[in-house]
Structures are given as structure tokens and as C-alpha cells.
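>>> need a 3D model of the following:
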Amino acid sequence: MSSLQEIKAEFVRIYEDMVRAKGQPAILGRIMAVFLLEGRELSHKEISDLTGYSISSVSRTLDQMVRMGIVHKHKDASMKHFVFHVSVDFSEMLANSLETMIKVYEAQREEMKNLMRKVSVLKSKGKEQVEINRLQTTLKKFEKAVEFFERVLKSATKELRSNLREL
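Okay, here's the model as predicted:
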């Protein structure tokens, strides 16, 4: 049988893994998970205590999260120090992440098309022509894969956005 603390710790680990998969540091995931679990405003010290990270590490990460628009910061009049709260909905954050990925893939597909144009005007003989042909084949395959992935992301984002109210 699992304790409440063990279940919370497992949720934190899962959330950290999701954040790391997006290329963000584990501390960001741990702080977000703590905000979600606590469901309230938290001070630097509380976040440090709940995450196990030093106050300086928490402070640097919170500053980054404020700049990203994920977290808001304000002075608590009764406590005379800053407190933080999550400013985005979890489902909304996932949808925004997907939309950011789509924009990146769209831009990269355009760059791939530019590379394809450059490769198509190259003229050569012998071994270099074989290499040029292989590069064209690789670029075409990669472009098709990115295009497919982009369509999947767009479809998933559309479905997520249409169901956000229910989540």
C-alpha cells in the first residue's frame, strides 16, 4: 500500500520527466508539480522546502518561470516577502507547448525546402554526385517525416483545444 507522500513523490517524478522531455531542467518540473499539488501561493522558502532544492536554485528558476509567463510573483503584505502562483492552466500549457512545437517544425520545413533548392542546383560528377543524390533522398525523407509529425501535432492540438473545457 502506498502512502500519500509516496504518491505525491511519484507525481513529481512523472512531471519532472515530462518537463525534461521538452528540454527543460528537472527543477522546473519539480517546482511546477509542487505548485499543482499545493494549489496555493508559495514563498521561496516553502518551494525550497517542498522541492529539496536550495533557495538560490529555486529563485533562479522562479525568475525564469516568471519571464516565461508560467508563474506570477507579488509581494505578500502580511508576510513581507514575495509569493508565487501558477498563472496557467495545465491543459492550456500542454496545448501551448504543442503549438510552439508546430511553429518550430513549420520553420524547419521551410529551411529544409531552402536546402533542397540549394542541393538541386549543385552539379557534379562521380562520387560527389552520388553523395548529392543521397543527400537529396535524405532531405526528402526527413521533410516528409517532419510534415507528417506536424500534421499529427496540429490534429492533437485541435482536439486538445476543443476538449479543454471538459478537462
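
>>> what is the mean pLDDT for whichever helix in the chain runs longest?
Assignment by DSSP state H gives helix 127-163 as the longest helix of the chain. The pLDDT scores in helix 127-163 average 88.

>>> by contact count, what packs against it?
Secondary-structure packing of helix 127-163 (3 or more CB pairs under 8 Å, 6 or more residues apart in numbering; DSSP states H and E): helix 90-120. Yep, even glycine has a C-beta here, placed from its N, CA and C like the rest.

>>> may I see the buried residues of the helix it packs on?
Leu94, Ala95, Leu98, Ile102, Tyr105, Arg109, Met112 (16 or more other CB atoms under 10 Å).

>>> tell me the contacts of Phe149?
Applying CB atoms under 8 Å, 6 or more residues apart in numbering, we find Phe149 in contact with Tyr105.

>>> got the angle for the helix or strand containing Leu28 vs helix 90-120?
Using DSSP states H and E, Leu28 maps to helix 26-38. Per axes from the mean of the first three to the mean of the last three CA atoms, to 10 degrees, the angle that helix 26-38 makes with helix 90-120 is 150 degrees.

>>> from the contact counts, what lies against the next helix or strand after helix 26-38?
Proceeding N to C from helix 26-38, the next assigned helix or strand is strand 42-43, under DSSP H and E. Counting contacts by 3+ CB pairs under 8 Å, 6+ apart, strand 42-43 packs against strand 81-86.

>>> who touches the strand it packs on?
By CB under 8 Å, 6+ apart, strand 81-86 touches 32, 35-36, 40-44, 47, 62, 65-66, 70-76.

>>> run the last query once more with 7 Å
Residues outside strand 81-86 that contact it (CB atoms under 7 Å, 6 or more residues apart in numbering) are 35, 41-44, 62, 70-76.

>>> per-domain residue ranges of the chain.
As given by automatic domain parsing, the domain ranges for the chain are 4-86, 90-166.

>>> for the residue sitting nearest the centre point of the chain, give its distance to Gly29.
Nearest to the mean C-alpha position of the chain, by CA atoms, centre = their mean, lies Lys22 at 4.0 Å. From Lys22 across to Gly29, the span is 9 Å (CB to CB, to the nearest Å).

>>> ok, now Val58?
From Val58 to Gly29 the distance is 13 Å (CB to CB).

>>> quick one, which of those two is more surrounded?
Val58 (26 against 22; other CB atoms under 10 Å).

>>> looks to me like the more buried one is in a helix.
Yes. The assignment for Val58 is a helix, going by DSSP: H, G, I helix; E, B strand; the rest coil.

>>> can you give me every residue that contacts it?
Taking CB under 7 Å, 6+ apart, one finds Ile31, His44, Ile47, Ser48, Thr51 in contact with Val58.
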